[in-house]
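Chemist: sharing a model that was predicted from the sequence below.
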Amino acid sequence: MRRRSANNERPLAPTAPRRRPGSSPAAGQADVPPAELNPASSLSKVVRQRELANATRVGNSRPSRPSKQAIAASTSGIRPTRRVRPVATQVVLNRGSSSSSGLHPLSNGQSNAALRAYEETTLGSFDRIVPVLKRLSALQHEADFIAQAQRLAVAELGHELPAPVLEQAWTSQLDMRTLFAWCVFEAYEQSSISFFNDDPLAAQAGSRDGDAFNAFLLDCGFHLLDITPCADGRLAHAIAYALRLPFSSVRRRSHAGAMFDVENTVDRWVKTEHRRYREGTPNPAHADTRYLKVVVYHFSSKDPCHEGCAAHGSNDEAAAAQGLQRLKDFQQAVENSFCCGASVDLLLIGMDTDTDAIRVHVPGRDGSTDLESWLDARDVYEATRTLRADQARERITELVEAAAASTPDAGMVKLVAHLLENNLSQIDYVRQYHGGSYSDFGHAERFIGVGIGFKEVHLRNLTYFAYMDTVEEGAPDLDVGVKIFKGLNVSRGLPIPVVLRFDYHGAVPGARERAIAHCTRVKAAIEARYSDLCQQGLLHTLLTVRDRDRHVPAETVSSSITFNTGGGH
């Protein structure tokens, strides 16, 4: 999309001061992405099977020497990273080891332990499915097979298996495809119930952490934080784990390549500002705060040429450039559509899907963002690991200010410093429990999530997101997900589990029925688009809806798994 010049003649509203780079070449030079960088449609190859998610890497990770930047950081401070070589050469497996001195002084070990317990419990319920089915395969010709199968399923998976499938095992081969999809859907339903009933992340609306962050965000000068990560399942945990933010305080909508829909995002901005005018929520409209839109792109330090963002051809330069352009398109749309200097603030963040370390392109007060410069959390880790907690926080603030594209805004510096500090805990988390980098550094998602919702999904490689209203408009995202699962599941004879989800407002008459009808239409479109897979039993769907006005689990409506019942003539 051709970039339109901003109209600088508009009067500025006191509630939304414009943050735009100047019109001179020097002021805007860092903001313009290279023209040759366009998102690619190729998909990164699947390099690891899902079983690697259970492999233990502790003790097997190769020790590495600290980078030159890290060494310099410990003595004379660090400068923001600048891209000086082709991206394929920038491979960093581990910047130093924290084993000798324990966790970083700002790391939250207690939070890490709680998050680890949630990860093991939830992902374990999915990862036990295949081993259980393999054991069932060996038992299917036993005389008391059905009883043995049900005991095993209840003991290992926590639920029984569909009796019609088990009862047919003596006349034909056990239908493993149906059993697999059934078990995945059961695991999803149980995880949704647990998430909303037990609040394992302690971050639901009204929680202590949620209220504290909401107040902190307003203090930084922002009334809403809207984050779009890539739909890749390796970023599904970006909010709750990598950034350590309360999920109830963040508006999240994932898209392939982080290429969010500009028009829909403008609509959500309008709703946010309307609530400020009508209800004073989260603060009155006259308050000097701004709407902050964030894009989180991703890259791979282990295999940058193949395991980066599929939507951008594993080219992190393209991922960053296109993410920034989409942010600026949104900003321009708001400025062109509304008077009185209406505008938004923008933030671009990169995330290494192998280590969960983030890098932040710190913007200037004038809105400028430098694609060639960022502040890497691993450099921050090394520069502050020997300091006291208060000293480390001061040093992080200094590093953020130095990394800004131009003179930074104090509120933005405060927020970015907070995000970097939070990410230090996640760096330690990966070092503690995954040997410094994930063994399943490729795709290892358990199911595809289609529709609008999935507030309960906050675990890495649990779900590939395909947010959409219709299959026609969301086809590119969905096609990428199906291609990923052809490598993960279909290549092993297992079906692709697709969970459809449309949330609704319970206070609106007829909203639930319309959400169910929406699910049914999308299911039919999916079955038509991937008819060959459906006919072979290699794609199954689960239809769910949820009342977004209440803190309740998803409600299952129907499934593609059906059983013939005995009848008359």
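Modeler: The structure has been received and is ready for your questions.

Chemist: let me see the contact set for the most centrally placed residue in the chain.
Modeler: In the chain, the residue lying closest to the centroid (Cα atoms, centre = their mean) is Ala236, at 3.0 Å. The contact partners of Ala236, by Cβ atoms under 8 Å, 6 or more residues apart in numbering, come to Pro229, Ser254, Val457, His458, Leu459, Arg460, Asn461, Leu462, Thr463, Phe465. Quick note: C-beta positions are derived from backbone N, CA and C, even for glycine.

Chemist: which one of those residues is nearest to Ala240?
Modeler: For the contacts of Ala236, the closest approach to Ala240 (Cβ to Cβ) belongs to His458, at 4.0 Å.

Chemist: quick one: that closest one from Phe447, how far?
Modeler: From His458 across to Phe447, the span is 15 Å (Cβ to Cβ, to the nearest Å).

Chemist: show me where the stretch 101-250 of the chain has its strands.
Modeler: Along the stretch 101-250 of the chain, counting by DSSP state E, counting those that start in this stretch, strands occupy 222-229.

Chemist: quick one: low-confidence parts of it?
Modeler: For the stretch 101-250 of the chain, the stretches with pLDDT under 70 are 101.

Chemist: that one: helices as residue ranges?
Modeler: Along the stretch 101-250 of the chain, counting by DSSP state H, counting those that start in this stretch, helices occupy 109-127, 129-139, 145-157, 163-167, 176-198, 208-219.

Chemist: JSON lines please, covering the ones you listed and showing mean neighbour count and distance to Arg290.
Modeler: JSON lines is the format used below for those (neighbours: other Cβ atoms under 10 Å; distance: least, Cβ to Cβ, whole Å):
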{"stretch": "helix 109-127", "mean neighbour count": "17", "distance to Arg290": "29"}
{"stretch": "helix 129-139", "mean neighbour count": "16", "distance to Arg290": "46"}
{"stretch": "helix 145-157", "mean neighbour count": "16", "distance to Arg290": "47"}
{"stretch": "helix 163-167", "mean neighbour count": "15", "distance to Arg290": "55"}
{"stretch": "helix 176-198", "mean neighbour count": "20", "distance to Arg290": "31"}
{"stretch": "helix 208-219", "mean neighbour count": "16", "distance to Arg290": "11"}
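
Chemist: centre of the chain to the longest helix anywhere in the chain, how far?
Modeler: Longest helix in the chain by number of residues (criterion: DSSP state H): helix 410-434. On the basis of Cα atoms, centre = their mean, to the nearest Å, helix 410-434 sits 16 Å off its chain's mean C-alpha point.

Chemist: report all helices and strands that it contacts.
Modeler: Counting contacts by 3 or more Cβ pairs under 8 Å, 6 or more residues apart in numbering; DSSP states H and E, helix 410-434 packs against helix 109-127, helix 208-219, strand 345-352, strand 358-361, helix 377-384, helix 389-403.

Chemist: mind giving me the packing neighbours of the host helix or strand of Ala318?
Modeler: Ala318 belongs to helix 316-337 when assigned by DSSP states H and E. Judged by 3+ Cβ pairs under 8 Å, 6+ apart, the packing partners of helix 316-337 are helix 262-279, strand 290-299, strand 345-352.

Chemist: what packs against the second one?
Modeler: It refers to strand 290-299. strand 222-229, helix 262-279, helix 316-337, strand 345-352.

Chemist: still on that earlier bit, now for the helices and strands packed on helix 410-434, which one comes closest to Asp532?
Modeler: The closest of these to Asp532 is helix 109-127. By Cβ to Cβ, the value is 25.6 Å.

Chemist: off-centre distance for the closest one?
Modeler: So, by Cα atoms, centre = their mean, the centroid of helix 109-127 is 17 Å from its chain's centroid.

Chemist: is it true that Ile239 touches Val250?
Modeler: Yes. In terms of Cβ atoms under 8 Å, Ile239 counts as a neighbour of Val250; the distance is 5.4 Å.

Chemist: checking my notes, Leu543 in a strand, right?
Modeler: Yes. The assignment for Leu543 by DSSP: H, G, I helix; E, B strand; the rest coil puts it in a strand.

Chemist: so it is in contact with Leu500, correct?
Modeler: Yes. Under the criterion of Cβ under 8 Å, Leu543 makes contact with Leu500 at 5.0 Å.

Chemist: between these two, what contacts are shared?
Modeler: Cys519, Lys523.

Chemist: now do the longest helix of the chain, average pLDDT.
Modeler: The average pLDDT within helix 410-434 is 98.

Chemist: same check on stretch 274-287?
Modeler: Stretch 274-287 comes out at a mean pLDDT of 95.

Chemist: can you pull the buried residues of it?
Modeler: For stretch 274-287, the neighbour count (16 or more other Cβ atoms under 10 Å) marks Arg276, Pro282, Ala285 as buried.

Chemist: find residues that contact each of Ile239 and Val250.
Modeler: Ile227.

Chemist: who has more neighbours, these two?
Modeler: Neighbours per residue, other Cβ atoms under 10 Å: of Ile239 and Val250, the larger number sits with Ile239, 23 against 20.

Chemist: please give me every residue in contact with the more buried one.
Modeler: Contacts of Ile239 (Cβ under 8 Å, 6+ apart): Ile227, Pro229, Leu245, Phe247, Val250, Arg252, His458.

Chemist: closest one to Gly341 out of the residues you listed, please.
Modeler: Ile227 (24.3 Å).

Chemist: ok, and the closest non-adjacent residue to the closest one?
Modeler: Val294 (4.5 Å; Cβ to Cβ, 6 or more residues apart in numbering).
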